[in-house]
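A.B. asks: here is the input, now give the coordinates:
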Amino acid sequence: MRRLLVYLPLCLVTAPGSSPSAPPVADPAFARPADDGKPLPTEAQMKRLAETDPIAFLETCIRRYDREVKGYRCTLHKQERLEGKLQPSEVMDVQFREEPFSVLLDWREGARMAKKTLYAKGENKDRVLVKPAGLL
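C.D. replies: Sure, this is the predicted structure:
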C-alpha cells in the first residue's frame, strides 16, 4: 500500500494516454537519436538552428536534456473516480532524481492517507517512508 502512494501518482504523470482511439506511440528509446558525444552548439548556433532546422534544434535539445538533466520538480494535480464517485482533488509537489533514484511527494492540498512520501533506492531497505496525514 505504501509503495502505491509513490508509484500511482508517478505513473499517472508519466503514463502515455490510454485512449483506445489513440495511435500507438513509439518507445522513446527507439524514437530518439543516439547521443554522438559531439559538443553541444553555442547559444547563437541554437538560435540559428531553431530558425532554420526545427527538427535538428529539437534533437539537440533532447541531447542536452539527456546529458544535463538529472532530476526535475513538478506540481501534480490529481482527481480520481473510485467506484463511480468523484474523489476530492489533490495537489502535490513531486521531486524526482535519477541518481540515486528517488521520488518525493509532498501533498499541498487534499492529503488523505499521507502528507509526504519518500522513496530513495538503497535507503530504508528500499521501502517508502511515509509521513501520515493528520500527525505533527
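
A.B. asks: burial measure for the residue lying closest to A120 once chain neighbours are set aside, as a count.
C.D. replies: Nearest in space to A120, with sequence neighbours left out and distances taken as CB to CB, 6 or more residues apart in numbering, is S102 at 4.0 Å. C-beta here means a position set from N, CA and C on the backbone, and glycine is covered the same way. Neighbour count of S102, defined by other CB atoms under 10 Å: 17.

A.B. asks: for S102, give the beta-bridge partners.
C.D. replies: R97, A120 (DSSP bridges).

A.B. asks: shouldn't it be in contact with G122?
C.D. replies: No - contact criterion CB atoms under 8 Å: S102 and G122 do not qualify, at 9.3 Å.

A.B. asks: how about K70, what does it touch?
C.D. replies: 97-99 (CB atoms under 8 Å, 6 or more residues apart in numbering).

A.B. asks: likewise for A56?
C.D. replies: A56 neighbours (CB under 8 Å, 6+ apart): L49.

A.B. asks: okay, now the unreliable bits of this structure?
C.D. replies: 1-34, 135-136 (pLDDT under 70).
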